[in-house]
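Peer 1: structure, please.
(chains A and B)
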Amino acid sequence: MRNTLKLLAVVAALAVPLSAQGGSDTKGKFFFKKTCKSCHATGGSAKEVTPLSKTQAQWKAYFAAGKHNKGKEAITTVLKPEQVKDVQTFLVNHASDSPQPETCGG
Amino acid sequence: MGTKLMDRRLFLQAAGVTAGAVATVQVGCLSYFKKGRSAAADNREVPTTCELCPNKCSAIAVVEGGFVKKLNPNPENPKSRDMLCARGNAAIKQVYDPDRLKQPMIRVGARGEGKWKPVSWDEAFDFAATKLAEVKAKHGPEASLWSSTEGFQEVFFKNLGLAFGSPNLVRHPTLCLASVNLAYSATFGTVPSFDLLNSKFVIMSGANRFESIITPDTMDLIGSVMERKAKLVYLDPRFTVTAAKADEWYPVKPGTDLAFILAMIHVIIKENRHSKDFVAAYTTGFDQLAEHVKQYTPEWAEKETEIPAADIIRIAREFSDAAPRALYYAGRRSSWYQNDFQMRRAQAILNAIIGNWDQPGGMVPNAKLPKGEFLFMPWDEPKAARVDEIEKHFPLAAKGDGVYLKLRENVLSGKPYPVKAWMVYKQDPMNAMPDQAKTLKMIEQMDFIAVIDVHMSDMAWYADVVFPESTYLERTDPVEVMPGIWPAVVYRQQVVKPIHDTKPNLEIVQGLAKRLGLSDYFDFTIEQWVEAEFKELPIPMAAEHMKKHGVWAASGQPSFGKTLNPDHRFVTKSGKIELFSERLQEAGYDGLPVYTAPVPPPSDRFRLILGRVGYFTHANQSNNIWLNEFMKENDLWINPKPAERLGIKNGTYVTVTSSVGSVKLKVRVTEEIRPDCVFMLHGFGKKSKMQSLVYNVGASDAVILETAWDKVSGNAAFHETFVKVANA
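Peer 2: Model (predicted):
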């Protein structure tokens, strides 16, 4: 696990190129679960949030308006800008009106 | 090779010695019948989860003397309903199968020649990693293809492919049920379960549920039809066991089920029998649907389907009268025709307009249970686009699954880029894909092929290196949530230690990852992974519970109607159930199902249709010695009329020829199939000599099936092949 954490720090530092292209769904899922869900979960300190909580347009508007960017709970205090972009990509891709054909297993 | 290695001869010797020792020590008549036991008795009962098919039934393994002696059903799993089928029982023979892979092997002869060198794990890992690195250096990571099918450890294989940098993961759904999944997702935003336990009226198109087992559907259907007298209407060109138990069987003209369904919708709307309140509150596009189906009269449908118009009208009336406890069952292996998606969409729409959504006896959105998740290191997204060009040709299909047949076409053409390495986990594309000759061409052009499997499948037979996976009774797997009307969490834990030099898939992936410089992404043990999953199960002492019981199911009865409130948002573009789909229309497809008549077979040919039985899983298990006893050879079903015309006698051998291949197999002359069709079962005629019971016995349908796919989902269309039949 030590290696994992080390690599995590490296990835966080090098995540800029992808974020410029709209973020990484895979990394966004990771940061959403690791960071966002530590508060936004059932029984957590903030309202439970899942990608299905908003539509694609609502998520885009939410991030464009810079919501969650103020005070000591600002998202930027726990995630780097490129990681925020990753999370946004993940949330938009899996929003309540996104095309999400179900699969089998996997 | 380690000390775990034990071949059949050694195994029998060991068992014999043990039995002899027991007989020596114990005297008297009764001891004569006592079975062999290990001196240090290892007698236990271990709850686990079956893997002989995708149902994931809970089982209790009885271990005596260190051997798996018996498998019993686990009554605690509501999905498997205290049942373990023939395949589940026969899992014992998967462990003690003399044919199974017992150590890593590297090919030394030509591909398919069957010459192998047993090697150490290190040698096998080094060999594979070197070959993969060579392909990556020459063509990029996207030149590797990662094929797999569902299983609890599939996630590790897929993650290795992604971490390696390949976008080309391809999974089984487009050889199975992608069309039904996409059709229900496009309509409801999810794929529901069907409450056969409480239904009063069931219609099935070719879903042979009495033979092709799905839990709990098969048991519930048996209960509802045989005990509670629910009505079953069954459409199938073949008289299956399900047809035999149905109230009404219609040998529908192949490929015309969509006409039957559209005519039912026509009757229900015309006679104002739809659920008006439900349609108004929860759906969009009803007016467009009503206008669209005006053309599809029962009289028109009779000409297409050969089902009398009077019967279509009567069935539509009975079906709507029974609503909401009525359902048109979706089925599972939905890979039939090139219009399969639209046929499944029509079923979904028919179900929607009678208002059976989230009702007892109708369609029910799957309930889920929470579990924890092991957060593994995320990797960079693969940079290349998928080789199957899924975004361009199948924009609505599940991207993570890929589209198998289009992928094969592109790999064969080398466009948009070459693919030169093929990694395979637990799948047999040689038999799963139609047109085996094309698959062999794809194999020929690979620089490297590796297969991870329990047994020497035909795909493994053509590989360069095979990695033997431990059977499910020999390993511990990730925890799985089984969503459904009665959701459950199941756990597969090791029952006995591996008896050969095999490894669980995670350790095989880790061995490769280490040599590919990807270890950090797989820096965990299966125990750490499982512990993380146990953590968020909402039960006290979850780990202890799961190890002791093997399953946890939410207590009480299922709850219906949770989504039936005006504020509920379906996961669709409009937030409603989409009878008419704007998203489909925007993607260039029909927003409502449009019927196109199938091309009939020429007079000298037959349509080849496929099906399943309860004792084999797809092309697997026919080499399991217990299951093989049910059927030792597959045969060709043909109706007596064409058989007489062709001079074909029951029990003789015939050649069956399509545009892509020819096979020879025994013939069964039977009234139980339409005169314009022939039928054969999957899973025989194997090329692998390590499938000794079915090697060159019977025939593989993959040899003669032609390549065709559904236009929207990309699902293989397995019923679009015409064949000639002649005495051999």
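Peer 1: quick one: low-confidence ranges for chain A?
Peer 2: A:1-21, A:72, A:106 (pLDDT under 70).
Peer 1: so which residue is dead centre in it?
Peer 2: A:Val87 (2.0 Å; C-alpha atoms, centre = their mean).
Peer 1: any idea which element that residue lies in?
Peer 2: helix A:81-93 (DSSP states H and E).
Peer 1: chain A contacts on the stretch 451-600 of chain B?
Peer 2: B:519-520, B:523-524, B:569, B:571-575, B:583 (C-beta under 8 Å from any C-beta of the partner chain). C-beta: built from backbone N, CA, C; applies to glycine.
Peer 1: among those, which one has the most neighbours?
Peer 2: B:Thr572 (24 neighbours; other C-beta atoms under 10 Å in any protein chain shown).
Peer 1: for it, which non-adjacent residue is spatially closest?
Peer 2: B:Gly189 (4.5 Å; C-beta to C-beta, 6 or more residues apart in numbering or on different chains).
Peer 1: ok, now how distant is that neighbour from B:Lys368?
Peer 2: 14 Å (C-beta to C-beta, to the nearest Å).
Peer 1: quick check, B:Met204 in a strand?
Peer 2: Yes: assessed by DSSP: H, G, I helix; E, B strand; the rest coil, B:Met204 belongs to a strand.
Peer 1: neighbours around the nearest residue to it once chain neighbours are set aside, how many?
Peer 2: Closest residue to B:Met204 apart from its sequence neighbours, by C-beta to C-beta, 6+ apart: B:Tyr329 at 4.7 Å. Neighbour count of B:Tyr329, defined by other C-beta under 10 Å: 22.
Peer 1: correct me, but B:Tyr329 touches B:Phe194?
Peer 2: Yes: using C-beta atoms under 8 Å, B:Tyr329 is in contact with B:Phe194, at 5.4 Å.
Peer 1: give me the common contacts of those two.
Peer 2: B:Asp217 (C-beta atoms under 8 Å, 6 or more residues apart in numbering or on different chains).
Peer 1: please, where are all the strands along the stretch 201-350 of chain B?
Peer 2: Under the criterion DSSP state E, counting those that start in this stretch, the stretch 201-350 of chain B carries strands at the ranges B:201-205, B:231-235, B:248-250, B:283-284, B:326-329.
Peer 1: could I get the ones you listed as CSV with distance to B:Asn431 and mean pLDDT?
Peer 2: Listed next are the strands of the stretch 201-350 of chain B as CSV, based on distance: least, C-beta to C-beta, whole Å; pLDDT from 0 to 100:
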stretch, distance to B:Asn431, mean pLDDT
strand B:201-205, 25, 97
strand B:231-235, 27, 97
strand B:248-250, 30, 98
strand B:283-284, 41, 98
strand B:326-329, 27, 98
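Peer 1: okay, those in TSV with distance to B:Glu45 next?
Peer 2: TSV is the format used below for the strands of the stretch 201-350 of chain B (distance: least, C-beta to C-beta, whole Å):
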stretch	distance to B:Glu45
strand B:201-205	37
strand B:231-235	38
strand B:248-250	43
strand B:283-284	50
strand B:326-329	36
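Peer 1: which stretch among the ones you listed comes nearest B:Tyr653?
Peer 2: In terms of C-beta to C-beta, the element of the strands of the stretch 201-350 of chain B nearest to B:Tyr653 is strand B:248-250, at 29.9 Å.
Peer 1: which residues are contacting that closest one?
Peer 2: B:231-236, B:239, B:243, B:305, B:307, B:311, B:315.
Peer 1: switch to 6 Å and redo it
Peer 2: B:233-235, B:243, B:307 (C-beta atoms under 6 Å, 6 or more residues apart in numbering or on different chains).
Peer 1: got it, and stretch B:144-159?
Peer 2: Here stretch B:144-159 has contacts from A:104-106, B:54, B:161, B:166, B:168-172, B:419, B:421-427, B:477-478, B:480, B:492, B:505-506, B:509, using C-beta under 6 Å, 6+ apart.
Peer 1: end to end, how far does it reach?
Peer 2: End-to-end distance for stretch B:144-159, by C-alpha to C-alpha, to the nearest Å: 13 Å.
Peer 1: give me the mean pLDDT for it.
Peer 2: Computed over stretch B:144-159, the mean pLDDT rounds to 97.
Peer 1: measure B:Arg209 to B:Cys677 for me?
Peer 2: 20 Å.
Peer 1: list the buried ones in stretch B:654-661?
Peer 2: For stretch B:654-661, the neighbour count (16 or more other C-beta atoms under 10 Å in any protein chain shown) marks B:654-658, B:660-661 as buried.
Peer 1: need the phi and psi values for the closest residue to chain A within the stretch 51-200 of chain B.
Peer 2: Distances between the stretch 51-200 of chain B and chain A by C-beta to the nearest C-beta are smallest at B:Glu150, namely 2.6 Å. When read as degrees, to the nearest 10, the backbone of B:Glu150 gives phi -60, psi 150.
Peer 1: again with B:Val155
Peer 2: Dihedral angles for B:Val155 - degrees, to the nearest 10 - are phi -50, psi -40.
Peer 1: related to what we said a few turns ago, in CSV: the contacts of strand B:248-250, plus distance to B:Trp637.
Peer 2: Formatted as CSV, those follow (distance: C-beta to C-beta, whole Å):
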residue, distance to B:Trp637
B:Val233, 22
B:Tyr234, 17
B:Leu235, 17
B:Ala243, 13
B:Ile307, 21
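Peer 1: tell me which residues touch B:Gly255, please.
Peer 2: B:337, B:598.
Peer 1: change it to 7 Å
Peer 2: Applying C-beta atoms under 7 Å, 6 or more residues apart in numbering or on different chains to B:Gly255 gives the contacts B:337, B:598, B:719.
Peer 1: all good on my end, thank you.
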